[in-house]
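Chemist: Need coordinates for the following:
(2 chains)
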Amino acid sequence: MNSITADTIKTNQTVEIIDLDSNETGQRLGEMGFWPGKNITLLLSAPFGDPMAFEVDNTVIALRKNEAKLIKVKTSAA
Amino acid sequence: MAKLKSSPLIALTGVPNVGKTTLFNKLTGLNQKVGNYPGVTVDKITGRMKTSIGSVDILDLPGTYNLYPRSEDERVVFSVLSGLEPDLDVDAVLTIADMSNPERSLFLATQIVDMGYPTALILNMEDQAKKEGLEINKILLQRLLGIPVFTASADKGVGIDQIRKAIEENGFSEGRKVVDPAKICDESLLIKVAGITKQKNPYRALQVLKFIDEEKKIPKETRVRLSELVEEYNFKPAQVQRQETKMRYEHVRDILSKCLKSPEKKRAGLTRKLDSIFLHPIFGFGIFLAILFLVFQAIFSWAEGPMDFIDGSFAFLAHSVSEALPSGALTDLLTEGIIPGLGGIVIFVPQIALLFAFLSLLEGSGYMARAVFITDRVMRPFGLNGRSVVPLISGFACAIPGIMAARTISNRRDRLITIFVTPFMSCSARLPVYIVLVGLLFPDGESTFFNSKGAAFFGLYLLGIAAALVSAAGLKAIMKNERSGTLVLELPRYRIPQFQTVITTMYEKSKTFVLEAGKIILAISIVLWVLASYGPGDSMEQAASSVLLPKVETAEAMSEYHTKVASKEIQASYAGIVGKWVEPAIAPLGYDWKIGIALICSFAAREVFVSTMATIYSIGADSEDIQTLQQLLSTETRDDTGEPTFNSATVWSLLVFYAFAMQCMSTIAIVKRETKSWKWPIIQTVYMTVLAYVSALFVYQFLS
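Modeler: As a prediction, the model looks like this:
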């Protein structure tokens, strides 16, 4: 099973979102554009690896590691 | 329905970073009014747009991604659009989208349409979208949404006329509903809810129902009835919410798939390149510190000239008034109470204006989000977050603009903690106190090798920082129950800041400070003036007559006479009495009653310590001669024991006291204004004073 959470991906890695946590923060992420089926790319991380800046759609959104954990992703084969 | 109303009210909404404020400023100019929403700290900003057929009021709502009331900003938007704000009856909504990233904007726009408002959509930043090769079929989008769609590049002034015209001609329409509430919720429940809450349509009823626990604006009995309905129908807000989000997103994506043509290949644009520098793990931090240093320098030194000018002008004004008016209590109140009180307010304006000019530049350029990004992790253990950095650093110059800047922190707990600890940072008003006292400690010249004065200053600054961080961490532990912060932060594209926005921000922030904090500061300064200028019975007259008039009335002799009278008078005044009265309490800190008077008077502002000491030790009320004061203080002896009053234990104790104590009524006033209650400023003042007292006690007992 190649399902991981978004906080574990590498810089410049692009992954597809497969699920979101159902808690309030998870919902909020959904409303911000982190929606199952979309691709996200980790652009860079702040010092100490936290927060992390993801590209989703055409924007860059920074999340703390704890929030990125709520996003389940799968690595695309390519 | 014809309504009797002076002018129509149009609400401006949009997700953050779409140029909403720029557009608002272009539409209304300086015709703006900042007010408050009851119960929250969000500013209510309205502006008036003049049109050929009369004026239109525009309400600039805070930027939000949706209409769900979770943060304070969102709660305001929610309650305004749900009709829960008594004086705000919104007639139409203008919603602004980022054309190069329309999805989230349309999510918000369709919610507004579902609420039943006549709406118009503006696709802003058209130039940017074009540059990226993005195309939107405006006509098709207009048809699919059922509302008028305009394109604009507000920061370049493109498309503004068209928007004005639309507002003038009431070119809004109700649009096509996206989510049918009956599909995600029992219709009969919604009808009942709409009946109870008087909401105009089922979607608005559903919105209110979903957030009854969040929304305190709804009357209690209504909430009780709604809660019963929730129980009866087994209504699950979170689940309904999820379904709605899903339906809405699918619909929005469907619309966009029909009318949006995005470029095949994404460009690694300028923003990406700049980010590789500004967010670089090492250089990024260096650049951040350099920018902070510049800001700090600006509030510290650039403001000095204007501040001296204001100081001088008010002194001149007081002098002229006292010459012009007949002498008496009223004139004294004017020249010694009210005018200096006003001066004490206005003097902060240069610092506030400068800090907000910088903040506005940083925000407008897109850098602020980056600063938050790189500092967030470092600040977190202290219950602060990336947004706390700027207020704290500003606190080194002056706590007031720093506390005002804490408004950018959306999490309530983090914001309160930031406001609470910012006054610990050693502000510029502590500097004169430090200079006099440190000078007493190390009266001899500097050694070339190691400067003890410099080291003492550095130590005092560190002490302030440590107190701030430790207190923040302590508060974090106490406020465990508060919802802990999340960081979901958009890093917008870099942009050239708007000059007009910078000017508007400077003007509005200064005005808010003078008008709102000013009232409290003025009141306290009048009280302190009364305490220092009046005494019980004829004690003041006796004090004055105890000084003998010089035999030869030369100017020099008279001025000496007057300073002696001032010294005797303040000792006989209520302030002097309070000073003696508190002596037992401050004796363990190594202070006598004269220092007590200075402590009480400098509650208005720390730097008053120096001038009060000058008055008590009668070196001339307007003497700024610190060396004279230092000399006098160093020879001062105690009434009872005859030992020097200002030994090193007492001086260190005073230094520590001033490092920690609140001693600034302007800060108290601004904390009251920013937290909208007296609770926080009182807790803060008590805490800081107790900490100052205990620390000074410890220092004195340890050193003496």
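
Chemist: and the longest strand for chain B?
Modeler: In chain B, ranked by residue count with DSSP state E as the criterion, the top strand is strand B:43-51.

Chemist: Pull up the pairing partners for it, direction included.
Modeler: When pairs are called by DSSP bridges, strand B:43-51 turns out to pair with strand B:32-36 (antiparallel), strand B:54-60 (antiparallel).

Chemist: Mean pLDDT lowest where, among these?
Modeler: Out of the strands paired with strand B:43-51, the stretch the model trusts least by mean pLDDT is strand B:32-36, with a mean of 73.

Chemist: Report the buried residues of that one.
Modeler: When neighbours are counted by 16 or more other Cβ atoms under 10 Å in any protein chain shown, the buried residues of strand B:32-36 are found to be B:Gln32, B:Val34. Bear in mind the C-beta positions are built from the backbone N, C-alpha and C, glycine included.

Chemist: got the contact list for that strand?
Modeler: With contact meaning Cβ atoms under 8 Å, 6 or more residues apart in numbering or on different chains, strand B:32-36 is reached by B:Asp43, B:Lys44, B:Ile45, B:Thr46, B:Gly47, B:Thr504, B:Glu508, B:Lys511, B:Thr512, B:Lys676.

Chemist: quick one: contacts of stretch B:148-167?
Modeler: Applying Cβ under 8 Å, 6+ apart, the set of residues contacting stretch B:148-167 from outside is B:10, B:19, B:22-23, B:26-27, B:49, B:51, B:56, B:58, B:94, B:99, B:120-128, B:136, B:138, B:141-142, B:171-173, B:495-496, B:498.

Chemist: what about burial for these, which qualify?
Modeler: When burial is judged by neighbour count using 16+ other Cβ under 10 Å, the buried members of those are B:10, B:19, B:22-23, B:26-27, B:49, B:56, B:58, B:94, B:99, B:120-128, B:136, B:138, B:141-142, B:171-173, B:495, B:498.

Chemist: Looking at these, which are in helices?
Modeler: B:Thr22, B:Leu23, B:Lys26, B:Leu27, B:Glu126, B:Asp127, B:Gln128, B:Lys138, B:Leu141, B:Gln142 (DSSP state H).

Chemist: okay if I get the residues you listed as JSON lines plus distance to A:Met52 and pLDDT?
Modeler: What follows is those, written out as JSON lines (distance: Cβ to Cβ, whole Å; pLDDT from 0 to 100):
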{"residue": "B:Thr22", "distance to A:Met52": "29", "pLDDT": "86"}
{"residue": "B:Leu23", "distance to A:Met52": "32", "pLDDT": "90"}
{"residue": "B:Lys26", "distance to A:Met52": "36", "pLDDT": "88"}
{"residue": "B:Leu27", "distance to A:Met52": "37", "pLDDT": "88"}
{"residue": "B:Glu126", "distance to A:Met52": "31", "pLDDT": "90"}
{"residue": "B:Asp127", "distance to A:Met52": "30", "pLDDT": "88"}
{"residue": "B:Gln128", "distance to A:Met52": "25", "pLDDT": "85"}
{"residue": "B:Lys138", "distance to A:Met52": "36", "pLDDT": "90"}
{"residue": "B:Leu141", "distance to A:Met52": "33", "pLDDT": "92"}
{"residue": "B:Gln142", "distance to A:Met52": "38", "pLDDT": "91"}
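
Chemist: So which of the residues you listed is the closest to chain A?
Modeler: B:Gln128 (10.1 Å; Cβ to the nearest Cβ).

Chemist: Quick check: that closest one touching B:Met99?
Modeler: Yes: in this structure B:Gln128 lies within contact range of B:Met99 using Cβ atoms under 8 Å: 7.2 Å.

Chemist: which stretches of the chain have low pLDDT?
Modeler: Assuming you mean chain A. Counting by pLDDT under 70, chain A shows low-confidence ranges at A:1-2, A:76-78.

Chemist: meant chain B, my bad for not saying
Modeler: Residues of chain B that meet the criterion pLDDT under 70 lie in B:1-6, B:36-41, B:214-216, B:264-268, B:300, B:444-450, B:481-485, B:618-627, B:639-640.

Chemist: Could you chop it up by domain?
Modeler: Partitioning chain B according to automatic domain parsing yields domains covering residues B:9-168, B:181-261, B:283-428+B:461-507, B:518-703.

Chemist: Make JSON lines from the ones you listed and add distance to A:Leu70 to it.
Modeler: JSON lines is the format used below for these (distance: least, Cβ to Cβ, whole Å):
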{"stretch": "domain B:9-168", "distance to A:Leu70": "15"}
{"stretch": "domain B:181-261", "distance to A:Leu70": "14"}
{"stretch": "domain B:283-428+B:461-507", "distance to A:Leu70": "10"}
{"stretch": "domain B:518-703", "distance to A:Leu70": "31"}
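
Chemist: measure the spatially most central residue of chain B to chain A for me?
Modeler: For chain B, the residue sitting closest to the mean C-alpha position, by Cα atoms, centre = their mean, is B:Met404 at 1.3 Å. If you measure B:Met404 against chain A using Cβ to the nearest Cβ, to the nearest Å, the figure is 25 Å.

Chemist: Around chain A, which positions in the stretch 451-600 of chain B sit nearby?
Modeler: Taking Cβ under 8 Å from any Cβ of the partner chain as the contact definition, the stretch 451-600 of chain B meets chain A at B:Thr486, B:Leu487, B:Val488, B:Leu489, B:Glu490, B:Leu491, B:Pro492.

Chemist: Phi, psi for the second one please.
Modeler: Right, the one you point to is B:Leu487. Here the main-chain torsion angles of B:Leu487 (degrees, to the nearest 10) amount to phi -120, psi 110.

Chemist: next one: the third one
Modeler: Here the main-chain torsion angles of B:Val488 (degrees, to the nearest 10) amount to phi -120, psi 100.

Chemist: Not counting the lengthiest helix in chain A itself, show me its contacts.
Modeler: Taking residue count as the measure and DSSP H as the definition, the longest helix of chain A comes out as helix A:24-31. By Cβ under 8 Å, 6+ apart, the residues outside helix A:24-31 that reach it are A:20, A:63, A:67, A:70-71, B:65-66, B:68, B:70, B:104, B:107, B:238, B:241-242, B:245, B:249, B:486, B:488.

Chemist: Give me the ChimeraX select line for those, limited to the buried ones.
Modeler: The command below creates a ChimeraX selection of those among the contacts of helix A:24-31 that count as buried (16+ other Cβ under 10 Å):
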select /A:20,63,67,70,71 /B:65,66,68,70,104,107,241,242,245,249,486,488
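
Chemist: Might one say that B:Phe356 is in contact with B:Lys511?
Modeler: No: in this structure B:Phe356 lies outside contact range of B:Lys511 using Cβ under 8 Å: 11.1 Å.

Chemist: out of these two, which sits in the more crowded spot?
Modeler: When B:Phe356 is set against B:Lys511 and neighbours are counted by other Cβ atoms under 10 Å in any protein chain shown, the residue ahead is B:Phe356, at 24 against 15.

Chemist: so that one is in which element?
Modeler: Element membership for B:Phe356, per DSSP states H and E: helix B:349-365.

Chemist: for B:Phe293, same thing?
Modeler: Here B:Phe293 is covered by helix B:283-297, with elements defined by DSSP H and E.

Chemist: quick one, that helix and helix B:349-365 angle?
Modeler: With axes from the mean of the first three to the mean of the last three Cα atoms, to 10 degrees as the criterion, the two stretches helix B:283-297 and helix B:349-365 enclose an angle of 150 degrees.

Chemist: show me what contacts B:Arg430?
Modeler: When the contact criterion is Cβ under 8 Å, 6+ apart, the partners of B:Arg430 are B:Leu460, B:Arg606, B:Tyr658, B:Ala659.

Chemist: helices or strands next to the top helix by length along chain B in the packing?
Modeler: Looking across chain B with DSSP H, the single longest helix is helix B:452-478. If you count contacts as 3 or more Cβ pairs under 8 Å, 6 or more residues apart in numbering or on different chains; DSSP states H and E, helix B:452-478 packs onto helix B:412-421, helix B:430-441, helix B:648-660, helix B:679-703.
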